[in-house]
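Chemist: How does the following fold in three dimensions:
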Amino acid sequence: MALTTKIMGILNVTPDSCYDGGRYLELEKAIAHGLKLYRDGADVVDIGGESTRPGAEPVGEAEELRRVIPVIEGLRAHLPIPISIDTKKPAVAAQALAAGATLLNDITGFRDPAMVSLAANSNCDICVMHMQGEPKTMQLNPHYPEGVITHLLRWFTERTDSLIQAGIAKERIILDPGIGFGKTVDHNIEILQNLRRLRDLGFRLLLGVSRKSFMQKITGKERETLLPPTIAVNTLMMVEGVDIIRVHDVAEHCLCREVLKQLTRPQPCHHS
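Modeler: From the prediction side, this is the model:
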């Protein structure tokens, strides 16, 4: 099977994101980093103006708009690849689409009817992420009495049925199980071991594990040292057929993908 995973580069325009918070707050730095992600091989750039790390405080609509819209406008003219907006606010999503974004990435899974309406009235792709609770409280005591996989299968089925009913074509919908969003280490591992069951729902699948704290808990190492375990997990995900991986370190993952493509390419038939 040919390897087809796309790589989504993360561009956080925030002071408090878990790994790169504060690095790209200035417009020029943000645009320069977006262009670097593209040069490094990203297939899509995901721009976010509100941190979603565990315990993060919410950001006001005006401030989020101030952070992200100039970056989208500044990149759109120079990027021949899609721009994704990572937001849960309909007003931010609407202005981002008007500025040139073509993918809505909503960590709340399009719970807001206004987000559903916006998606239905555009032709953009949408990423529907699962999260238990809110970023501020999601990691306090996540639990799934029915089991995390059973819960995700039921939740995604209900959400996608509702979105398709609202007029959003199935082909536009991408699912993200939300690694680290209201999940324990064991939950995250169980999800990563059962991706085939999620893929069997028939939608594209996106995964974001880049430098996440569950790998810190497994390794006992600091976040700055988590690139090797991130690549290890994402290598498995690419071989597993995940459609999109969301990463901070685009160049390294692109190198990894190039080698994997060669290792997984179909072999020619040799007739004796």
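Chemist: tell me the contacts of the closest residue to Ser122 other than its chain neighbours?
Modeler: Leaving out its chain neighbours, the residue that sits closest to Ser122 by C-beta to C-beta, 6 or more residues apart in numbering is Leu97, at 5.7 Å. (C-beta placed from N, C-alpha, C; glycine too.) Contacts for Leu97 (C-beta atoms under 8 Å, 6 or more residues apart in numbering) come out as 85, 104, 118, 122, 124.
Chemist: for this structure, what spans make up the strands?
Modeler: 6-12, 44-48, 83-86, 103-106, 125-129, 173-176, 204-207, 244-247 (DSSP state E).
Chemist: With mean pLDDT as new columns, can those strands be given to me in JSON lines?
Modeler: Formatted as JSON lines, these follow (pLDDT from 0 to 100):
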{"stretch": "strand 6-12", "mean pLDDT": "96"}
{"stretch": "strand 44-48", "mean pLDDT": "97"}
{"stretch": "strand 83-86", "mean pLDDT": "98"}
{"stretch": "strand 103-106", "mean pLDDT": "98"}
{"stretch": "strand 125-129", "mean pLDDT": "98"}
{"stretch": "strand 173-176", "mean pLDDT": "98"}
{"stretch": "strand 204-207", "mean pLDDT": "98"}
{"stretch": "strand 244-247", "mean pLDDT": "98"}
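Chemist: out of those, deepest packed?
Modeler: strand 83-86 (a mean of 28; mean count of other C-beta atoms under 10 Å).
Chemist: Tell me the strands beside it, with direction?
Modeler: strand 44-48 (parallel), strand 103-106 (parallel) (DSSP bridges).
Chemist: quick one on the thing from earlier: out of the contacts of Leu97, which is nearest to Gln165?
Modeler: Lowest distance from Gln165 to those (C-beta to C-beta) belongs to Leu118, with 15.9 Å.
Chemist: tally of neighbours for the closest one?
Modeler: 20 (other C-beta atoms under 10 Å).
Chemist: Kindly report the same for Arg39.
Modeler: Neighbours around Arg39, by other C-beta under 10 Å: 10.
Chemist: Now for it: which residues touch it?
Modeler: Here Arg39 is in contact with no residues (criterion: C-beta under 8 Å, 6+ apart).
Chemist: circling back: out of the strands paired with strand 83-86, which is closest to Leu236?
Modeler: strand 44-48 (21.0 Å).
Chemist: Tell me what angle the closest one forms with strand 6-12.
Modeler: 30 degrees (axes from the mean of the first three to the mean of the last three C-alpha atoms, to 10 degrees).
Chemist: For the chain, just list every one of the helices.
Modeler: In the chain, the segments counted as helices under DSSP state H are 27-39, 61-76, 90-99, 113-120, 148-165, 185-193, 195-199, 213-219, 227-240, 250-264.
Chemist: Flag every buried residue along the first one.
Modeler: Of the residues in helix 27-39, those scored as buried under the neighbour-count criterion (16 or more other C-beta atoms under 10 Å) are 30-31, 33-34, 37-38.
Chemist: show me where pLDDT drops low in the stretch 151-272 of the chain?
Modeler: 270-272 (pLDDT under 70).
Chemist: pLDDT score assigned to Asp43?
Modeler: Note for Asp43: predicted pLDDT of 98.
Chemist: ok, and the closest non-adjacent residue to it?
Modeler: Closest to Asp43 by C-beta to C-beta, 6+ apart is Lys6, at 4.0 Å.
Chemist: bridging residues for the one you found?
Modeler: Beta-bridge partners, per DSSP bridges, of Lys6: Ile244.
Chemist: Asp43 reaches Met8, doesn't it?
Modeler: Yes - look at Asp43 against Met8 with C-beta atoms under 8 Å: they come within range, at 6.9 Å.
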